[in-house]
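Colleague: Fold the following for me, if possible:
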Amino acid sequence: MTTFNSSAADNDLDHLTEAELTTLRSLRDRGWAVCLFAPFEVNGANPERVSDAMAEAGWRQIEAAGR
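Modeller: Residues are numbered from 1 along each chain as shown. Prediction:
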């Protein structure tokens, strides 16, 4: 994910506020790995399971990088 903006959704729940975007950018700038999926992207999947799967894939990438 390279940006935090999504133009595909019309629902306000699918958009982040400017304050939320600022927080996410600040975290990324400080070295945090940040990835989000909007509710329309989750598309009915269990968001907790999606988050868990992203974390597992992230750990595999970190380990592959030798860290």
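Colleague: gap between residue 24 and residue 44?
Modeller: Here residue 24 is placed at a distance of 24 Å from residue 44 (CB to CB, to the nearest Å). Heads up, the C-betas are built off the backbone N, CA and C, glycines and all.
Colleague: more crowded one of those two?
Modeller: residue 24 (16 against 7; other CB atoms under 10 Å).
Colleague: Please, which helix or strand holds the more buried one?
Modeller: helix 18-29 (DSSP states H and E).
Colleague: Can you report phi and psi for residue 52?
Modeller: Backbone torsions of residue 52, given as degrees, to the nearest 10, read phi -60, psi -40.
Colleague: Based on its surroundings, how many neighbours for it?
Modeller: By the criterion of other CB under 10 Å, residue 52 has 11 neighbours.
Colleague: give the contact list for it.
Modeller: Residues near residue 52 by CB atoms under 8 Å, 6 or more residues apart in numbering: none.
Colleague: For the helix or strand bottoming out on mean pLDDT in the chain, list every residue counted as buried.
Modeller: Ranking every helix and strand in the chain by mean pLDDT, DSSP states H and E puts helix 39-42 at the bottom, with a mean of 92. Using 16 or more other CB atoms under 10 Å as the burial criterion, none of the residues of helix 39-42 qualify.
Colleague: That one: how far from the chain's middle?
Modeller: 11 Å (CA atoms, centre = their mean, to the nearest Å).
Colleague: For residue 17, grab the count of nearby residues.
Modeller: Using other CB under 10 Å, residue 17 has 9 neighbouring residues.
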